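Chemist: Sequence plus the predicted model coming up.
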Amino acid sequence: MSTKATAGAQGDGDAGPAAFVSRLTTLANAVENNPADAVRQVLRDALGTIGGRFAVYSRLDASGKRLIRSDGWALPDGFPAVGRAAGRIAYELCLRRARPGAVWLDLADTPYQQSDPDIRRYKIKAFIGATVSRAGEPVGCLALYDDRPRQFLPWHGDYLSLVANWVGQAAHGAEDAERTAREKRSALNTLLATMAFMTQWKEGLSISRALDESQALNEQMLQLSPTAIYRLDIRANRFIMVNDYMCEATGYSEAELLEMNPESLLTPESRRRFHQRIVDMAAGKSVPSHVDWDVRTKSGRTEWVRFHVRHLYEGDTLWGANVVAHFITEQKKNEKELERYRRRLESLVQERTRALSLANEKLREEIIRGRETADALRLNTSRLEELNTAMRVLLDKRNEDRLQTEENIRVNLAQLIEPYLDRLGKSGLNATQKQYLDVIRMNIGEVLGAPMPELSAQYYAFSPTELQVANLIRNGRTTKDVARLLNLSPRTVESYRDNIRRKLGLKNRKVNLRTFLSRSDPDGDQDGR
């Protein structure tokens, strides 16, 4: 809407119905008194009242094939003065059908986008028009154009029809006074009817402004959305509208996309699935509102896209769709990566479970073997304890037998040998024989007393003669005594003494042999002290 038009509409809404009726009366008088300038005034007032981008009054030439621009208000640069009538919305809706008026709220998806060059050139989105008649025949069209979809109020058409009659009077004149008076009466009646609509005007004007602001906000949100959004004409197989993100995501400009076949963006497999979806819909089958397809961008990169589709119908006929497209390639990659990780984790868990099962089985086997071993050890321990008990019993019995044997030997020696030794000592022995007898008594005393040292392990290495020599030395006999008692030479006795010292480990040590042999523990202190 132009600045002038907006200001005019706001002024009327603020002035109220009385001011609007007063202005219409002034406009009616201007049409009657100054017809030459009346059409321009009517166009300016209509644009200010209803709002829009520009207003045009076009006449149909005598041939009925061309529209001639008679006048206009806020026309864009280069607006044509003459043009072919067929295909133009003003002709098709008002003149050819001889209708009093017509309204079109959104021209985005209509054939007029192609057939009407003015709509295509100036990107017109909304139209409201009223037929100008003469003698009951349509001769022209008073039309308002807007470059955005909008919602016209109910009284807008009535108002435009009223001023269209005035345009017909101003542009073509009255045929007679009676018809002029009749048209004036009709205009006054229409004016009174219009006043009824004015009670709703202010509210309707506020609603219109709110709708315009909402439409502008929706358009802004659509273009600034971080998601691809577009509208598709399925019958013509082309894009009708695309937002900025759609262009950014695919790499194509808006002009390139609007000229493209939408299917060319799909990979062969996704194109096949798209065709199958159309076939299923034509067969009346239910299809999901969202689908995932592969899209090939201008750079040749393949993107995975999730499409949320809302189909558009004319009656029961499918003609288009509004689509919101989310580019989810990274999401798909993450999902596949997570799926690989999940499978890998499941594999690891299974492997770990198998390993734990084997380990548990081995542990159970080891526990069983351990129990068996423990049972065997307890059995062996019990047997060893029984054997130890038996050994202790046997050792105790052996000690008792040994002590008993020793006691028997002492008793036998004391009873059977001692008496005879006493008698032998009294039988008049010589000195040598007495020495032999003393040695016999001494040895018997050793047998009857504590065990002799020669029973120790160290004495097992002595020869019988060495053992006799060692026993005599221990009892204090000198080398000469030992030689005489054993009928040996002193040198031989010395040789035995050296062998005894060597076998006892006393060689080259300053240790007295008699003192060492007299010790009860021959393995004791051997350091010569």
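Modeler: That came through, no problem. Numbering: from 1, shown residues only.
Chemist: For Lys285, grab phi and psi.
Modeler: Backbone torsions for Lys285, taken as degrees, to the nearest 10, come to phi -80, psi 150.
Chemist: Repeat that for Ala321.
Modeler: Recorded main-chain torsions at Ala321 are phi -160, psi 140, according to degrees, to the nearest 10.
Chemist: What is the neighbour count of the nearest residue to Asp498 once chain neighbours are set aside?
Modeler: With sequence-adjacent residues excluded and distances taken as CB to CB, 6 or more residues apart in numbering, Asp498 is closest to Lys507, at 7.9 Å. All C-beta spots, glycine's among them, are computed from the backbone N, C-alpha and C. Residues within reach of Lys507, counting by other CB atoms under 10 Å, total 11.
Chemist: Same question for Ile89.
Modeler: Other residues near Ile89 number 23, with proximity taken as other CB under 10 Å.
Chemist: Report pLDDT for it.
Modeler: We have a pLDDT of 92 for Ile89.
Chemist: The residue nearest to Asp498 and Ile500 touch, don't they?
Modeler: No. Using CB atoms under 8 Å, Lys507 is not in contact with Ile500; the gap is 10.2 Å.
Chemist: Poorly predicted segments of this protein, please.
Modeler: Low-confidence segments of the chain, defined by pLDDT under 70, are located at 1-19, 36, 171-224, 411, 414-416, 446-460, 520-529.
Chemist: which SSE is Ser133 in?
Modeler: strand 126-134 (DSSP states H and E).
Chemist: Could you name the helices and strands sitting against the helix or strand just after that strand?
Modeler: The C-terminal neighbour of strand 126-134 among helices and strands, as given by DSSP H and E, is strand 137-146. Contacts defined by 3 or more CB pairs under 8 Å, 6 or more residues apart in numbering; DSSP states H and E place strand 137-146 against helix 35-50, strand 54-60, helix 89-90, strand 126-134, helix 154-172.
Chemist: Helix or strand: which one has Thr405?
Modeler: Using DSSP H and E, Thr405 maps to helix 329-412.
Chemist: and that helix, what does it pack onto?
Modeler: Taking 3+ CB pairs under 8 Å, 6+ apart as contact, the helices and strands that helix 329-412 lies on are strand 302-314, helix 431-448.
Chemist: switch the cut-off to 10 Å
Modeler: Taking 3 or more CB pairs under 10 Å, 6 or more residues apart in numbering; DSSP states H and E as contact, the helices and strands that helix 329-412 lies on are strand 290-296, strand 302-314, helix 431-448.
Chemist: could you give the angle of the first one to strand 302-314?
Modeler: Interaxial angle, strand 290-296 versus strand 302-314 (axes from the mean of the first three to the mean of the last three CA atoms, to 10 degrees): 130 degrees.
Chemist: Give me the buried positions along strand 290-296.
Modeler: By 16 or more other CB atoms under 10 Å, the buried positions in strand 290-296 come out as 293-296.
Chemist: Identify all contacting residues around stretch 250-263.
Modeler: Stretch 250-263 is contacted from outside by 228, 230, 232-234, 236-244, 246-247, 265, 270-271, 274-275, 295-301, 303, 305, 321, 323, 325, 327, using CB atoms under 10 Å, 6 or more residues apart in numbering.
Chemist: How far does that stretch stretch from one end to the other?
Modeler: Chord length of stretch 250-263, first to last residue, is 13 Å (CA to CA, to the nearest Å).
Chemist: so how far is it off the chain centroid?
Modeler: 34 Å (CA atoms, centre = their mean, to the nearest Å).
Chemist: Same question for stretch 282-301.
Modeler: Offset of stretch 282-301 from its chain centre (CA atoms, centre = their mean): 25 Å.
Chemist: what does stretch 356-374 give?
Modeler: So, by CA atoms, centre = their mean, the centroid of stretch 356-374 is 42 Å from its chain's centroid.
Chemist: In PDB, could you pull the C-alpha coordinates for that stretch?
Modeler: Provided in PDB are the C-alpha atoms of stretch 356-374 (Å, rounded to 0.1, in the frame of the first residue of the first chain):
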ATOM      1  CA  LEU A 356      33.100 -63.800  31.900                       C
ATOM      2  CA  SER A 357      31.100 -67.000  31.400                       C
ATOM      3  CA  LEU A 358      34.300 -69.000  30.600                       C
ATOM      4  CA  ALA A 359      36.100 -67.400  33.500                       C
ATOM      5  CA  ASN A 360      33.200 -68.200  35.800                       C
ATOM      6  CA  GLU A 361      33.200 -71.800  34.500                       C
ATOM      7  CA  LYS A 362      37.000 -72.100  35.100                       C
ATOM      8  CA  LEU A 363      36.500 -70.600  38.500                       C
ATOM      9  CA  ARG A 364      33.800 -73.100  39.300                       C
ATOM     10  CA  GLU A 365      36.100 -75.900  38.100                       C
ATOM     11  CA  GLU A 366      39.000 -74.600  40.200                       C
ATOM     12  CA  ILE A 367      36.700 -74.300  43.200                       C
ATOM     13  CA  ILE A 368      35.600 -77.900  42.700                       C
ATOM     14  CA  ARG A 369      39.200 -79.000  42.300                       C
ATOM     15  CA  GLY A 370      40.100 -76.900  45.300                       C
ATOM     16  CA  ARG A 371      37.400 -78.500  47.400                       C
ATOM     17  CA  GLU A 372      38.600 -81.900  46.200                       C
ATOM     18  CA  THR A 373      42.200 -81.000  47.100                       C
ATOM     19  CA  ALA A 374      41.100 -79.700  50.400                       C
END
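Chemist: got the buried residues for that stretch?
Modeler: Neighbour-count burial for stretch 356-374, counted by 16+ other CB under 10 Å, picks out no residue.
Chemist: same check, this time on stretch 128-144
Modeler: So, applying 16+ other CB under 10 Å, buried residues of stretch 128-144: 128-133, 138-144.
Chemist: Same question for stretch 377-393.
Modeler: Taking 16+ other CB under 10 Å as the neighbour-count basis, stretch 377-393 is seen to contain no buried residue.
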